[in-house]
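J.: output the structure for:
(one chain, ligands or ions: 1)
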Amino acid sequence: MKTPIRVAVTGAAGQIGYALVFRIASGQVFGPDQPVILHFVEIPPALGALDGVHMELDDCAFPTLAGVVKADTDHLNDGFRDCNFVLCVGSVPRGKGMERGDLIKINGPIFTNTGKAIQEAAASDVRVVVVGNPCNTNCLIAMNNAKDVPSDRWYAMTMLDQNRATSQLANKAGVAVADVQNMTIWGNHSATQYPDFFNAKIGGKAATDVISDHDWLKGDFISTVQKRGAAIIEARGASSAASAANALIDNVKAIVTPTPAGETFSAAVCSDGSYGVDEGLISSFPLTSDGKTWKIAQGFDHNEFAKAKLDATVAELRGERETVADLL
Ligand code: NAI
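T.: This is a model prediction of the structure:
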């Protein structure tokens, strides 16, 4: 039998957790021959609900699920012990009237502890994907509190934004989603993100050649992707959960699978200064993976329109970094 992969999921009793853990346990992420041990981390009041999730997992009798470990947030090291992946979904949601800065301050300390525990307890090959918002800056905090864990192991999720943008382009062009490639999200997972249609391809051609309505691309397309999360809340009365879990699965698969030639995927990683993004910021880029680590794809052109969008989202990330400077 293969050695099981250990995958920690924080906030496992939440709505994304509920849409996520069954799919990981079923073999959809690492394959039908790869056993998985799930490590669930929750705050103490959510442990009862977590037991319910565990019972349901047992009731699925997944052949690929080799075990479940549960830990509360007072025992993070137990939760992350020997984990190869840590998926940081849990965080405090934005309440009514709460500013983004307030949310950053509330969630920041969660991620200092998360970073320290990952460094102390996780496997030496650990890879971390942060989903809990504000995910770029939470990831920055965790990474800076785990200086022994190499900086290429840290990701914040913008795959949901990429998937949203891909669907919008495919619908507009009247093609299948599989025909859309290189649909990159740049910058922050927030309303300032830049969904880069200029470098996207549809059926191998520039998206701007296939879609002639450039006003739509520069206007409604970008704002629809940027504000999709709010539109889902308005329609559903709850934030995106199944699509977020699905994007996280896509993100982990993109990390562990060598990227096919010519393709890229979006995730926020530690900037090496590429494309003028300040070194050390966790910013979304077009990436390729060799199955172990990522490279930022080079050669994506940015015209004046794109440069202004990229500058705005990077400025926001810089501001967030200043807000949490004492936690880094
Ligand atoms: P939820 O509120 O349903 O679940 C969050 C869970 O996290 C709860 O069970 C809660 O008990 C737990 N939790 C709270 N503090 C924790 C801590 N310190 N450690 C571990 N667990 C903790 O929220 P949902 O819908 O599952 O969303 C989770 C996060 O994902 C939110 O921050 C949300 O904004 C973010 N999100 C990010 C997306 C992205 O594309 N990056 C997309 C959608 C959501």
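
J.: where's the residue of the chain positioned farthest from its centre relative to E304, distance?
T.: Relative to the centre of the chain, the most outlying C-alpha is that of S212, 31.3 Å out, by C-alpha atoms, centre = their mean. S212 is 21 Å from E304, where distance means C-beta to C-beta, to the nearest Å. All C-beta atoms are positioned from the backbone trio N, CA, C, and that covers glycine.

J.: shaky segments in the protein?
T.: Applying pLDDT under 70 to the chain picks out residues 96.

J.: do that again at 90, thanks
T.: The model of the chain has pLDDT under 90 over residues 1, 92-106, 108, 226-227, 229-230, 233-234, 236-239.

J.: residues in it within reach of the ligand, list them.
T.: 10-11, 13-17, 41-43, 46, 73, 89-93, 110, 131-133, 135, 157, 160, 189, 239-241, 244 (C-beta under 6 Å from any ligand atom).

J.: can you flag the buried ones in these?
T.: Using 16 or more other C-beta atoms under 10 Å as the burial test, the residues of the chain next to the ligand include 10-11, 13-17, 41-43, 46, 73, 89-91, 110, 131-133, 135, 157, 160, 189, 239-241, 244 as buried.

J.: mind listing which of those are in strands?
T.: Using DSSP state E, the subset of those located in strands is T10, V41, E42.

J.: who's in contact with the last one?
T.: To tie it back to what came earlier, the one meant is E42. E42 makes contact with T10, G11, A12, A13, A49, L50, K70, D72, T73, G90, according to C-beta atoms under 8 Å, 6 or more residues apart in numbering.

J.: if you set the cut-off to 6 Å instead, what comes out?
T.: A12, A13, L50 (C-beta atoms under 6 Å, 6 or more residues apart in numbering).

J.: nearest spatial neighbour of the last one, skipping sequence neighbours?
T.: The spatially closest residue to L50, leaving aside those adjacent along the chain, is A13, at 4.3 Å (C-beta to C-beta, 6 or more residues apart in numbering).

J.: leaving out chain neighbours, which residue sits closest to the most centrally placed residue in the chain?
T.: Among the residues of the chain, the one closest to the centroid is M157, at 1.5 Å (C-alpha atoms, centre = their mean). The spatially closest residue to M157, leaving aside those adjacent along the chain, is V131, at 4.9 Å (C-beta to C-beta, 6+ apart).

J.: surely the one you found touches T158?
T.: No: assessed by C-beta atoms under 6 Å, V131 is found out of contact with T158, at 10.3 Å.

J.: show me the contacts for the closest residue to the ligand within the stretch 201-328 of the chain.
T.: With C-beta to the nearest ligand atom as the measure, A244 is the residue of the stretch 201-328 of the chain nearest to the ligand, at 3.7 Å. Listed by C-beta under 6 Å, 6+ apart, the contact set of A244 reads I16, L160.

J.: ok, now how distant is it from H189?
T.: 11 Å.

J.: ok, now G262?
T.: For G262, the distance to H189 - C-beta to C-beta - is 25 Å.

J.: what's the single longest helix in this structure?
T.: Using DSSP state H, we find that the single longest helix of the chain is helix 100-121.

J.: so which bits of that one are buried?
T.: For helix 100-121, by 16+ other C-beta under 10 Å, it's 100, 103-104, 107-108, 110-112, 114-115, 117-119, 121.

J.: what of stretch 141-160?
T.: Within stretch 141-160, the residues that count as buried by 16+ other C-beta under 10 Å are 141-146, 149, 153-160.

J.: could I have it exported to CSV, CA atoms only?
T.: Provided in CSV are the C-alpha atoms of stretch 141-160 (Å, rounded to 0.1, in the frame of the first residue of the first chain):
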residue,chain,number,x,y,z
ILE,A,141,1.3,36.3,7.8
ALA,A,142,1.6,32.5,8.0
MET,A,143,4.6,32.4,5.7
ASN,A,144,6.4,35.1,7.7
ASN,A,145,5.8,33.1,10.9
ALA,A,146,7.3,30.0,9.4
LYS,A,147,10.6,31.2,8.1
ASP,A,148,12.1,27.6,7.9
VAL,A,149,9.4,26.5,5.4
PRO,A,150,10.6,27.6,2.0
SER,A,151,8.6,30.4,0.4
ASP,A,152,7.6,28.3,-2.7
ARG,A,153,5.3,26.2,-0.5
TRP,A,154,2.8,28.9,0.1
TYR,A,155,-0.3,29.7,-2.0
ALA,A,156,-3.4,31.8,-1.6
MET,A,157,-6.3,30.8,-3.7
THR,A,158,-7.4,32.8,-6.7
MET,A,159,-8.5,29.7,-8.7
LEU,A,160,-12.2,30.5,-8.0
